[in-house]
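Asks: the following block contains a protein sequence and its predicted model.
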Amino acid sequence: MNQEQTTHPPAPVGILGFGGLGKAAALVLAPKREMSWVAVADHQGYAYDPAGLDALQCGALARAQGSVGYLNPGGVLTDQGIESLLGLGNRVEGYFLALPNLPNTFMATIVQRIIAAGWRGVLVDALKRTSAMEQLFDLAPQLQQAGITYVTGCGATPGLLTAAAVLGAQSYAQVHQVDITFGVGIANWEAYKATIREDIAHLPGYTVERAMAMSEAEVSELLDRTQGRLCLEGMEHADDLILELAGICPRDQVRVGGIVDTRSAAKPISTHVKVTGRTFEGKISTHTFTLGDETSMAANVCGPAFGYLKTGLGLHRQGIYGLFTCADLMPQFVR
Ligand code: NAD
């Protein structure tokens, strides 16, 4: 037990994006002693309270009025919420980017804005598409120079399951295949609008642009036609890039797919990662890591995100900056 860790004051952290994941992230943080949730932004405003924001109050406000900017005192209505929070400097040491990646360049654009603002601290995201993560790698030298420690792919997949694949790979001399299959159950799609649109973009015949341009009525009609389910195969998911960079296997040996049910909070299928390989004795085997069916997408995304944020804060305090993936680091546990 590290005594210093237990006596360190809570790290002031923020959440950028306060939709489905952002609201869940605030609830995940609420009982934590090592992190204090002090800042949040959505597309209409931001809120800051150095004494700590109330997850239930902010969630209720965002649902009823559409923005945390209505919080009084502490809230401000503005379309420059992210820049306003960055202006607080190291009064916020780290952020979970719970933002939509629509269009597919959105997250990289936000990161460029954060670098330009001169803020130094720790960022984690739950980015999904390979091509979106490649854009972040283009920014890696700038992140390093800006004094930002950024851990990308810190959700469930990429994230928890990708990291589990790295652990599983250790039994093998050669990894042949990594198969990630997820089951997500949400009671209504409006609670996770960006997640669902980004998933629709993976369906045959759809693109990110087409999914983004759909009206809410069109999304509902599509879900009516599929009984609320999205069946996804061969997704462009950055688990492939992350595992290739980590030296586990070439990216074409990583497969990601799953089923999302938007009409029930119960998972339609269990979520698992299978890692198949050959041991040094020449045996072919498969490790399977299965998540508990009772764990929600929100739990499996937000828990790892803050675990990696804690790891990132430790690196940042040691002066270690730059871009890392969920496979480069072990998430710590936030108490
Ligand atoms: P959402 O649509 O519910 O919420 C998005 C939030 O971002 C909203 O509060 C919105 O106001 C805010 N926002 C949009 N533009 C903004 C701006 N310019 N400035 C400030 N705030 C802005 O989204 P969600 O369903 O919670 O998903 C968030 C992201 O998480 C998506 O990109 C999704 O793909 C990703 N995700 C990753 C995983 C994973 O396992 N890696 C799992 C689920 C979701």
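Replies: Received the coordinates, thanks.

Asks: distance check, the closest residue to the ligand within the stretch 1-150 of the chain against residue 89.
Replies: Residue nearest to the ligand within the stretch 1-150 of the chain: residue 19 (1.8 Å; C-beta to the nearest ligand atom). All C-beta spots, glycine's among them, are computed from the backbone N, C-alpha and C. As for residue 19, its distance to residue 89 is 26 Å (criterion: C-beta to C-beta, to the nearest Å).

Asks: those two: which has the busier surroundings?
Replies: A direct count of neighbours by other C-beta atoms under 10 Å for residue 19 and residue 89 places residue 19 higher, at 19 against 13.

Asks: you'd agree the more buried one is up against residue 43?
Replies: No - Residue 19 is beyond contact range of residue 43, at 9.3 Å (criterion: C-beta atoms under 8 Å).

Asks: I'd guess residue 33 is in a strand, am I close?
Replies: No - in this structure, residue 33 is coil, not part of a strand, as judged by DSSP: H, G, I helix; E, B strand; the rest coil.

Asks: now do the same contact list for the closest residue to it other than its chain neighbours.
Replies: Leaving out its chain neighbours, the residue that sits closest to residue 33 by C-beta to C-beta, 6 or more residues apart in numbering is residue 335, at 5.8 Å. Residues in contact with residue 335 (C-beta atoms under 8 Å, 6 or more residues apart in numbering) are 32-34.

Asks: burial of residue 31, as a residue count?
Replies: Using other C-beta under 10 Å, residue 31 has 9 neighbouring residues.

Asks: likewise residue 170?
Replies: Around residue 170 there are 11 other residues, counting by other C-beta under 10 Å.

Asks: how is this protein carved up into domains?
Replies: For the chain, automatic domain parsing gives the domain ranges 3-157+298-325, 161-293.

Asks: any chance of those in a markdown table, plus mean pLDDT?
Replies: What follows is the domains of the chain, written out as a markdown table (pLDDT from 0 to 100):
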| stretch | mean pLDDT |
| --- | --- |
| domain 3-157+298-325 | 96 |
| domain 161-293 | 97 |
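
Asks: out of those domains, which is the most enclosed?
Replies: domain 3-157+298-325 (a mean of 20; mean count of other C-beta atoms under 10 Å).

Asks: skipping adjacent residues, who's closest to residue 111 in space?
Replies: The shortest distance from residue 111 to any residue other than its chain neighbours is 5.7 Å, reached at residue 139 (C-beta to C-beta, 6+ apart).

Asks: thanks a lot, catch you later.
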